[in-house]
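K.L.:
Just to be clear, the model below is a prediction. Sequence and coordinates:
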Amino acid sequence: MAKTVAPVAISLIESKPTLKSANARLNDVPTSFTLKQQQKPAFRAPVSADGVRVVTLAEYKEAALCLAEAFAEDDVVRYLVDVPDRKHWTEEERWRLHVEILEYMTYAHILKGLVTTVGDDYGAVALWMPPGQNMDDFLTIFRSGMWRLNYRLSPEGRRRLFTEFLPLLHDVKHAILGERDDEAWYLVYIGTKPSGRGKGHCRKLIEHVTKQADAEGRACYLESSNVVNPPIYRKFGFEDKRTVYLHRAEKNIPLDIMVREPVSGNEKKSGLRA
């Protein structure tokens, strides 16, 4: 990711940028000059009436870290990390790759989709792909860093991602939605930090988009990787369509496929889809 360097005052210093700070560090040589980096606060989108805010590119690491914490023990998200040809890796190395993958995904969705957050300090985050959008183009893959997965994943991790996981998700989504495949809202990830659970964050993030989908007359689609989640999604109008399995791990890993049909104003008033 390219960084924009803010203007600085002239000084006898050696500048050393770091990942966490763009501030320059003064030399040990005494001088009467002082360097002050003119930092601009990162732009944040305004908070909507429901408390939801759109995440900007400057915040992708914070949003991705929320998802990493939310999916720290999720079998599907860890499917590319916990592989037999990386058994020698420490848990710290696995965690770094886990976070890295979610950073690429979050950045790509900010570029081509919709990333929203709610709560204090990125309490919950959702990654949506709007109708007619995808992140398969070369520019998005390059800018987001997704191309690095060809080198960061192990041979088994690459096989899981490119020959099993992605083709399975693509084919099942098309089989279930048919001609509506490109017309539906796709909830790719939604997660809440442990410290943010039980506060209604997911409800706000889901309803923020389902209200728009209803107004547009569009369906919403998701894959659930946790057996406790489908009953929650049903409360928002999602219905079970199919369960598929990832087979390359030591145990089969299920994915529950769910679709929410658009609700008309009359249905909402009558409570038919409550």
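P.N.:
That came through, no problem.
K.L.:
how far away is the residue nearest to residue 76 when sequence neighbours are not counted from residue 86?
P.N.:
Excluding the flanking residues, the one nearest residue 76 by C-beta to C-beta, 6 or more residues apart in numbering is residue 225, at 3.6 Å. All C-beta atoms are positioned from the backbone trio N, CA, C, and that covers glycine. Relative to residue 86, residue 225 is positioned 20 Å away (C-beta to C-beta, to the nearest Å).
K.L.:
again, but for residue 58
P.N.:
Taken as C-beta to C-beta, the span from residue 58 to residue 86 is 32 Å.
K.L.:
Please identify which of those two sits among more neighbours.
P.N.:
residue 86 (17 against 14; other C-beta atoms under 10 Å).
K.L.:
what ranges do the strands span in this protein?
P.N.:
53-54, 114-118, 124-129, 185-192, 220-224, 238-246, 253-260 (DSSP state E).
K.L.:
Rebuild those as TSV, extending it with mean pLDDT.
P.N.:
Converted to TSV, the strands of the chain look like this (pLDDT from 0 to 100):
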stretch	mean pLDDT
strand 53-54	96
strand 114-118	97
strand 124-129	98
strand 185-192	97
strand 220-224	98
strand 238-246	97
strand 253-260	97
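K.L.:
what about residue 135, how many neighbours?
P.N.:
Neighbours around residue 135, by other C-beta under 10 Å: 20.
K.L.:
What of residue 153?
P.N.:
Neighbour count of residue 153, defined by other C-beta under 10 Å: 21.
K.L.:
Equivalent analysis for the one 3 residues further on, please.
P.N.:
Here the number of neighbours of residue 156 (other C-beta under 10 Å) works out to 15.
K.L.:
Please apply the same query to residue 228.
P.N.:
Neighbour number of residue 228 under other C-beta under 10 Å is 7.
K.L.:
Pop out the phi and psi values for it.
P.N.:
Main-chain torsions, residue 228, degrees, to the nearest 10: phi -80, psi -10.
K.L.:
can you map out the helices along the chain?
P.N.:
Along the chain, counting by DSSP state H, helices occupy 60-70, 91-112, 138-144, 149-152, 155-158, 166-177, 201-216, 230-234, 265-270.
K.L.:
surely residue 165 meets residue 246?
P.N.:
Yes. Counting by C-beta atoms under 8 Å, residue 165 touches residue 246, with 6.6 Å between them.
K.L.:
list the residues that contact both of these two?
P.N.:
Common contact partners of residue 165 and residue 246 (C-beta atoms under 8 Å, 6 or more residues apart in numbering): residue 79.
K.L.:
what pLDDT does residue 104 get?
P.N.:
What the model reports as pLDDT for residue 104 is 98.
K.L.:
Likewise for residue 169?
P.N.:
With respect to pLDDT, residue 169 has a value of 97.
K.L.:
quick one, what contacts it?
P.N.:
By C-beta under 8 Å, 6+ apart, the contact set of residue 169 is residue 223.
K.L.:
Contact partners for residue 51?
P.N.:
Contacts for residue 51 (C-beta under 8 Å, 6+ apart) come out as 118-119, 204.
K.L.:
okay if I get those as CSV plus distance to residue 171 and neighbour count?
P.N.:
Below are the contacts of residue 51 laid out as CSV (distance: C-beta to C-beta, whole Å; neighbours: other C-beta atoms under 10 Å):
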residue, distance to residue 171, neighbour count
118, 33, 25
119, 35, 21
204, 32, 19
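K.L.:
circling back: for residue 124, which of the helices of the chain is the nearest?
P.N.:
In terms of C-beta to C-beta, the element of these nearest to residue 124 is helix 201-216, at 3.5 Å.
K.L.:
just for the stretch 101-250 of the chain, where's the confidence low?
P.N.:
Scanning the stretch 101-250 of the chain for pLDDT under 70 picks out no residues.
K.L.:
can we see that at 90?
P.N.:
The stretch 101-250 of the chain contains residues with pLDDT under 90 at 119-120, 195-197.
K.L.:
Please identify the most buried of the helices of the chain.
P.N.:
helix 60-70 (a mean of 22; mean count of other C-beta atoms under 10 Å).
K.L.:
got a pLDDT number for residue 29?
P.N.:
pLDDT, read off for residue 29, is 36.
K.L.:
tell me the contacts of residue 80?
P.N.:
So residue 80 contacts 97, 101, 149, 153, 157, 160-161, 165 (C-beta under 8 Å, 6+ apart).
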